[in-house]
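A.B. asks: Show me the folded form of this:
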Amino acid sequence: MKKIRIAIDTSVISGIKDNIFRNEVLLLFGEIYKNKRKIEVMIPPQVLLELTFAPEEVKEFFNMLVEINCISFEKSLSLSKKHKSLKRKLYEEILLKVTKKGKKIKKSDLKIYAESVVLKCDYLLTYNNDDLIENKRLLQSTVKSYKNFKITKIVHPKWFISRITGRL
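C.D. replies: Below is the predicted model:
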């Protein structure tokens, strides 16, 4: 059985310090840990960069996830380096398309999406409604012209939890 490959956005890891998302984040990573044979977690390099500026509680949570082998970032970094020029080209193409449509999406979010595609993720999990979820059709349509890559679906963690627990 092929593993489901997911990318985790900074907003999901940072959700540990948010009273609204904390329980959902714990449930998500609990399900990921229980289903390690079915799910492979990728951490886009931009997320790793953003985590260096995160509050201590978020850093500690991330380090704990790495320590218990719930997530790993070595493979993410290796694949990202391998496809550096493609990632850059895709990012620039997405940026151009977004600019033409008059959308204002943070460049860091565009990088996270481009990295998720290059990492060949099935899903990008995010709480970022304003930039990523609201503009997912625009972002995903850019990937269609790349034959080596499939579209990474941008989803809310609650949706993904429902999918892996069979409640969808």
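A.B. asks: Output the longest helix belonging to the chain.
C.D. replies: helix 84-100 (DSSP state H).
A.B. asks: Helix or strand for L65, just tell me which one.
C.D. replies: Per DSSP states H and E: L65 is located in helix 56-67.
A.B. asks: And that helix, what does it pack against?
C.D. replies: helix 10-14, helix 45-51 (3 or more CB pairs under 8 Å, 6 or more residues apart in numbering; DSSP states H and E). Using the backbone N, CA and C atoms, a C-beta is placed for each residue, glycine as well.
A.B. asks: which residue packs closest to I133, ignoring adjacent ones?
C.D. replies: Ranked by CB to CB, 6 or more residues apart in numbering and with sequence neighbours excluded, the top spatial neighbour of I133 is I154, at 5.9 Å.
A.B. asks: hang on, the one you found packs against Y113?
C.D. replies: Yes. I154 is within contact range of Y113, at 7.1 Å (criterion: CB atoms under 8 Å).
A.B. asks: if we can go back for a sec, which residues touch the longest helix of the chain?
C.D. replies: The contact list for helix 84-100 (CB atoms under 8 Å, 6 or more residues apart in numbering) reads 80, 105, 107, 110-111, 113-115, 117-118, 135, 138-139, 141-143, 145-146, 148-149.
A.B. asks: Good, we can wrap up now.
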